[in-house]
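S.K.: Turn this into a model:
(chains A and B)
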2 protein chains.
Amino acid sequence: MDHPFDLACALKATGLGQYLGHTSDAYWNMAGPFGGTTAAVMLRAGLLEQPGGVEPVALTVNYCAALVKGGFRIGVREMRRGKSVAHVSVELTQGDTVAATASVVFARRRDTWAHPVAAMPDVPPADRVAPIDLSSRPLPWLQRYEFRFVRGAMRTQDQPFAEPQPAHSTLWVADVPRRPLDHLSLAALCDVFFVRVFQVRGTAVPAGTVTMTVHFHASAADIADQGSEPVLGVADAQIFTRNFGDQSGQIWSRSGRLLAATTQLAWYKE
Amino acid sequence: MDHPFDLACALKATGLGQYLGHTSDAYWNMAGPFGGTTAAVMLRAGLLEQPGGVEPVALTVNYCAALVKGGFRIGVREMRRGKSVAHVSVELTQGDTVAATASVVFARRRDTWAHPVAAMPDVPPADRVAPIDLSSRPLPWLQRYEFRFVRGAMRTQDQPFAEPQPAHSTLWVADVPRRPLDHLSLAALCDVFFVRVFQVRGTAVPAGTVTMTVHFHASAADIADQGSEPVLGVADAQIFTRNFGDQSGQIWSRSGRLLAATTQLAWYKE
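M.R.: Sure thing, here's the model as predicted:
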């Protein structure tokens, strides 16, 4: 049986650089699908146009309008293809509404001098951290991930905190059901952290990501080695001001390799 | 007399969302103009299409091909305009070559609950830190900024280091000649840190930014308060692997406000 993530990323080619997709009930969020699957399906459309051996290096997704349940069109335009780097623009539309735009940098990467500056935080292994119980949270997309918080667990109270709380979270996270990691799920995992403003304020104000950027660092060997085991996610924020708050995050492999790094900006009300 | 930065950002409207610009010799880099001015002129084209009171919130610029000296065209497309947020796509072309693409999120921002999570590093004021002497460095764009390094000064030796050095830099930086801060110069300042791979390796391997993202946090009051005084820039990196290295950065006001945060990914050879 197909994994719900693969169904959410399913595309039918309808012409040169033109695809048809469909929103996924399994990844439905409050008002629209989980942004991670939107990022993944747009990345997939770009990937389908690449020759073999080419990998995504960077992805920026701009969430322009809430998607409604149903079909959508994705158009892919190659802006520039150099010797080793290609730039692609992607648009996701429903009727006349542009619901999301994306830019993707692809490259044929080679082994070079390398230097892992940052190190994975020292955490207990995933199987020593209990997953949180999300059975009282009816949002479908939350059921599609297993969250094992090491620090900064999801704060679920309905009253705002008297004082802002830390924005930081560290958690092991995996697809439900388990699915071997690839660049698509890696992109989606970069959006798996709950909007930081909820963590800091302790209450779910109206909020939504307006733009997310992902830098891919995982090699094919890193991805193969990871398999379908949980990755370690780390998320934090620098500022909340005048309707917008940021988020930075890292996705680490179980063996301590930096698979992807991400930043996003989320709108919030009041 | 016009400031060279304003000349670099000068645009002539040629039609609906269509502009003509010209590369700036004053901001010339090794092979093409300083990426900061490319970011600024694309942001400017997007801003020219916005109603009053609308500010940039996020900008992603993809550097697709080196610009050659001469004219360029910029096309601006509004992808979506919501009640308070607008999404715009920008393309910069020379002949048939797309040299850069950008996406900009604009918004009419309001005062809301706010929380400055991160704090400016504790550093001596700019006038207590001597600017570095760049007279031996003929690159024009380097002459357009005054760099006062607090930590992680530009490493200028021609031999690679035996061991990788820290990627971090903290510096006061200002336009030369001085110019009051605005969103355009703020975008350019986000690209003012030398490619981190030079800092870490100690040698200028072939390298270039492929994508840069800027999140704007400065209010009009922050910008007015800053005037033409130096801002504090902080830059670091997380990883260098398989031809690509990242960079994160912050631009702080003299009074300790986070004006902008940025990430970028740069290609490097070998």
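S.K.: Write out the residues of the stretch 101-250 of chain A neighbouring chain B.
M.R.: Contact residues (Cβ under 8 Å from any Cβ of the partner chain) of the stretch 101-250 of chain A with chain B: A:101, A:103, A:105, A:107, A:109-118, A:164, A:167, A:200-201, A:210-211, A:213, A:215, A:217, A:219, A:236-244, A:246, A:248, A:250. All C-beta atoms are positioned from the backbone trio N, CA, C, and that covers glycine.
S.K.: Take those residues and keep only those in strands.
M.R.: Using DSSP state E, the members of those that fall within strands are A:101, A:103, A:105, A:107, A:210-211, A:213, A:215, A:236, A:240-241, A:244, A:246, A:248, A:250.
S.K.: Please spell out which residues along the helix or strand hosting A:Arg148 are buried.
M.R.: Assigned by DSSP states H and E, A:Arg148 belongs to strand A:145-151. With burial defined by 16 or more other Cβ atoms under 10 Å in any protein chain shown, the residues of strand A:145-151 counted as buried are A:145-150.
S.K.: now do stretch A:79-96
M.R.: Using 16+ other Cβ under 10 Å as the test for burial, stretch A:79-96 gives A:79-81, A:85-94.
S.K.: got the CA positions of it in PDB?
M.R.: The C-alpha trace of stretch A:79-96 is given here as PDB (Å, rounded to 0.1, in the frame of the first residue of the first chain):
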ATOM      1  CA  MET A  79      15.400  29.600 -15.000                       C
ATOM      2  CA  ARG A  80      19.100  28.700 -15.600                       C
ATOM      3  CA  ARG A  81      21.200  25.600 -16.100                       C
ATOM      4  CA  GLY A  82      24.900  26.000 -15.500                       C
ATOM      5  CA  LYS A  83      27.600  23.300 -15.600                       C
ATOM      6  CA  SER A  84      26.800  22.000 -12.200                       C
ATOM      7  CA  VAL A  85      24.000  24.200 -10.800                       C
ATOM      8  CA  ALA A  86      20.400  24.600 -12.000                       C
ATOM      9  CA  HIS A  87      17.800  27.100 -10.800                       C
ATOM     10  CA  VAL A  88      14.200  26.200 -11.100                       C
ATOM     11  CA  SER A  89      11.000  28.200 -10.200                       C
ATOM     12  CA  VAL A  90       7.800  26.300  -9.200                       C
ATOM     13  CA  GLU A  91       4.200  27.600  -8.900                       C
ATOM     14  CA  LEU A  92       1.300  25.800  -7.300                       C
ATOM     15  CA  THR A  93      -2.100  27.100  -8.300                       C
ATOM     16  CA  GLN A  94      -5.700  26.300  -7.600                       C
ATOM     17  CA  GLY A  95      -8.000  27.900 -10.300                       C
ATOM     18  CA  ASP A  96      -6.700  31.500 -10.600                       C
END
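S.K.: near chain B, anything from that stretch?
M.R.: Yes - shown here: stretch A:79-96 in contact with chain B (Cβ under 8 Å from any Cβ) through A:79-80, A:82, A:84-85, A:87, A:89, A:91.
S.K.: Need the max-distance pair from the residues you listed.
M.R.: Maximum pairwise distance among the residues of stretch A:79-96 next to chain B (Cβ to Cβ): 25.2 Å, between A:Ser84 and A:Glu91.
S.K.: so the strand or helix carrying A:Val88 versus strand B:85-94, what angle?
M.R.: Applying DSSP H and E as the criterion places A:Val88 in strand A:85-94. Strand A:85-94 and strand B:85-94 are oriented at 140 degrees to each other (axes from the mean of the first three to the mean of the last three Cα atoms, to 10 degrees).
S.K.: Show me just the buried residues among the residues of the stretch 101-250 of chain A next to chain B.
M.R.: Among those, those buried by neighbour count (16+ other Cβ under 10 Å) are A:101, A:103, A:105, A:107, A:109, A:112-113, A:115, A:117-118, A:164, A:167, A:200-201, A:210-211, A:213, A:215, A:217, A:219, A:236-244, A:246, A:248, A:250.
S.K.: Report the helix or strand with the lowest average pLDDT across chain A.
M.R.: One helix or strand of chain A scores below all others by mean pLDDT, DSSP states H and E: helix A:196-201, with a mean of 89.
S.K.: What is that helix packed up against?
M.R.: The contact analysis (3 or more Cβ pairs under 8 Å, 6 or more residues apart in numbering or on different chains; DSSP states H and E) places helix A:196-201 against strand A:240-241, strand A:244-252, strand A:258-268.
S.K.: Can you tell me what sits against that helix?
M.R.: A:152, A:154-155, A:160-161, A:164-167, A:169, A:204-205, A:207, A:235-237, A:240, A:245-247, A:266, A:268, B:113, B:115, B:117 (Cβ atoms under 8 Å, 6 or more residues apart in numbering or on different chains).
S.K.: Kindly report the same for stretch A:29-42.
M.R.: Applying Cβ under 8 Å, 6+ apart, the set of residues contacting stretch A:29-42 from outside is A:5, A:8-9, A:11, A:21, A:23-24, A:27-28, A:59, A:61, A:63, A:66-68, A:74, A:90, A:92, A:99-100, A:102, A:104, A:139-141, A:144, A:184-185, A:187-192, A:208-209, A:212, A:214.
S.K.: Mark which of the residues you listed are part of helices, please.
M.R.: A:5, A:8, A:184-185, A:187-189 (DSSP state H).
S.K.: which one of these is nearest chain B?
M.R.: Distance to chain B, by Cβ to the nearest Cβ, is smallest for A:Ala187 among these, at 14.7 Å.
S.K.: Quick check: A:Met120 is in a helix.
M.R.: No - the assignment for A:Met120, made by DSSP: H, G, I helix; E, B strand; the rest coil, is coil rather than a helix.
S.K.: wait, what's in contact with A:Ala235?
M.R.: Contacts for A:Ala235 (Cβ under 8 Å, 6+ apart) come out as A:152, A:167-170, A:193, A:196, A:247-249.
S.K.: Mind doing that once more with 10 Å?
M.R.: Residues counted as contacts of A:Ala235 (Cβ atoms under 10 Å, 6 or more residues apart in numbering or on different chains) are A:152, A:167-171, A:190, A:192-194, A:196, A:199, A:247-251, A:262, A:264.
S.K.: Just the buried residues of those residues.
M.R.: A:152, A:167, A:169-171, A:190, A:192-194, A:196, A:199, A:247-251, A:262, A:264.
S.K.: Which one of the residues of stretch A:79-96 next to chain B is nearest to A:Val231?
M.R.: Nearest to A:Val231 among the residues of stretch A:79-96 next to chain B is A:Val85, at 26.3 Å by Cβ to Cβ.
S.K.: Could you check how far that closest one is from B:Ala119?
M.R.: 37 Å (Cβ to Cβ, to the nearest Å).
S.K.: now do A:Arg108
M.R.: 41 Å.
S.K.: The two: which has the busier surroundings?
M.R.: Higher neighbour count among A:Arg108 and B:Ala119: A:Arg108, with 17 against 10, using other Cβ atoms under 10 Å in any protein chain shown.
S.K.: Is that one in contact with A:Gln50, as I believe?
M.R.: Yes - at 9.4 Å, A:Arg108 and A:Gln50 qualify as touching, with contact defined as Cβ atoms under 10 Å.
S.K.: Overlap of the contact sets of the two?
M.R.: A:Ala86.
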